[in-house]
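Participant: Following is a predicted model, sequence given first.
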Amino acid sequence: MLFLPSGSQTAIISYLHKNGIDLNLLDKYLLRFFGYPQQGWIEIGTTRLTKADLLYKITHAKAAIVKVTLVPGETSELFISQLAKKLGLDKRKLFVAYKKYAPYMDGVIWPDTYYIPMGISEEHLMNYLISKSIERHKRLAKKIFGVYNETKWFRYVTIASIIQKEAANKDEMPIISAVIYNRLRKHMRLQMDGTLNYGKYSHIKVTKRRIKSDKSHFNTYKYKGLPPTPVGSVSLYALKAAIKPANVNYLYFVKGKNGRHIFTKSYKSHLKALKSVNK
């Protein structure tokens, strides 16, 4: 791969010469014959090139593209770290740009596979990812409700982000959603581990010590209601479940030995389920 800075043909030739490419200022006249140089990283292959071939590639080669994937449930903090590593970008600048354009720290960027050109700036990348994702949120909200209300929509995204973290599979999602709404209606604390897997804690096991020490309002073992913002990216399945929960009266669930959850309506039944799981 080869990096081409922005600027005049003379500046680009000078940059390449200083970086060990056998070009001189006279070559700018030959370069004009091929066209105007591209910018950023381009793919030039691994075989040795003649000067003419190199100048042709400088104007015609495809941009070097990096594939990055945001999986449902992942946090922006870890995704931004992935972007910085794969694209050679400044992590701090990415966070600054993210906070500039995103209304919430999580749940904004849509989980998807993105193809990003090398050489893109931190500002441009965050603006692109966030604006593209918000448009997707808006389209979906308008399709379902006929209107996009950011506050109301991201309340659903917050619920969906908990569902995403807690559900063993997509079939469980509407049931997990029902448990959340049922507990909220009864003014019960959600007491769900997934709400503590926010930010940098995305893949860290929630322990009794963590529950005791975490003073944030993401700690639904301590505070009633929903977390202040989403706790990760959400899939369409999780969003649909948040909008249309199952019609069930469950208030509790625990992960069974087969990985699926056992749902119960009373605390007494929940204790029995816990006992059976811990045998």
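Facilitator: Sure, I can see it.

Participant: Residue ranges of each domain in the chain, please.
Facilitator: Per automatic domain parsing, the structural domains of the chain span 2-60, 65-131, 150-277.

Participant: mean pLDDT lowest for which of those domains?
Facilitator: Least confidently modelled of those is domain 2-60, at a mean of 70 by mean pLDDT.

Participant: hang on, the earlier thing: turn the domains of the chain into CSV, columns for distance to Lys143.
Facilitator: In this view, the C-beta of every residue, glycine as well, is placed from N, C-alpha and C. Listed next are these as CSV, based on distance: least, CB to CB, whole Å:
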stretch, distance to Lys143
domain 2-60, 35
domain 65-131, 15
domain 150-277, 11
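
Participant: For Lys138, which of the ones you listed is the nearest?
Facilitator: Nearest to Lys138 among the domains of the chain is domain 150-277 (8.3 Å), distances taken as CB to CB.

Participant: list the contacts for the nearest residue in space to Ser131 that is not next to it in sequence?
Facilitator: Nearest residue to Ser131, sequence neighbours excluded (CB to CB, 6 or more residues apart in numbering): Tyr101, at 7.1 Å. Residues counted as contacts of Tyr101 (CB atoms under 8 Å, 6 or more residues apart in numbering) are 126-127, 130-131.

Participant: Ala141: which of the domains of the chain is closest?
Facilitator: domain 150-277 (4.8 Å).

Participant: end to end, how far does the closest one reach?
Facilitator: 41 Å (CA to CA, to the nearest Å).

Participant: gap between Val96 and Met126?
Facilitator: According to CB to CB, to the nearest Å, Val96 and Met126 sit 9 Å apart.

Participant: With neighbour numbers in mind, choose between the two.
Facilitator: Taking other CB atoms under 10 Å, Val96 and Met126 do not tie; Met126 has more neighbours (25 against 13).

Participant: my read: the more buried one touches Tyr98, true?
Facilitator: Yes. In terms of CB atoms under 8 Å, Met126 counts as a neighbour of Tyr98; the distance is 5.0 Å.

Participant: Can you report how many residues lie near the closest residue to Glu77 other than its chain neighbours?
Facilitator: Leaving out its chain neighbours, the residue that sits closest to Glu77 by CB to CB, 6+ apart is Gly199, at 4.7 Å. Residues contacting Gly199 under the criterion other CB under 10 Å number 16.

Participant: and Gly199, what is it in contact with?
Facilitator: 75, 77, 105-106.

Participant: mind checking which helix or strand Val66 is in?
Facilitator: For Val66, the element it lies in under DSSP states H and E is strand 65-69.
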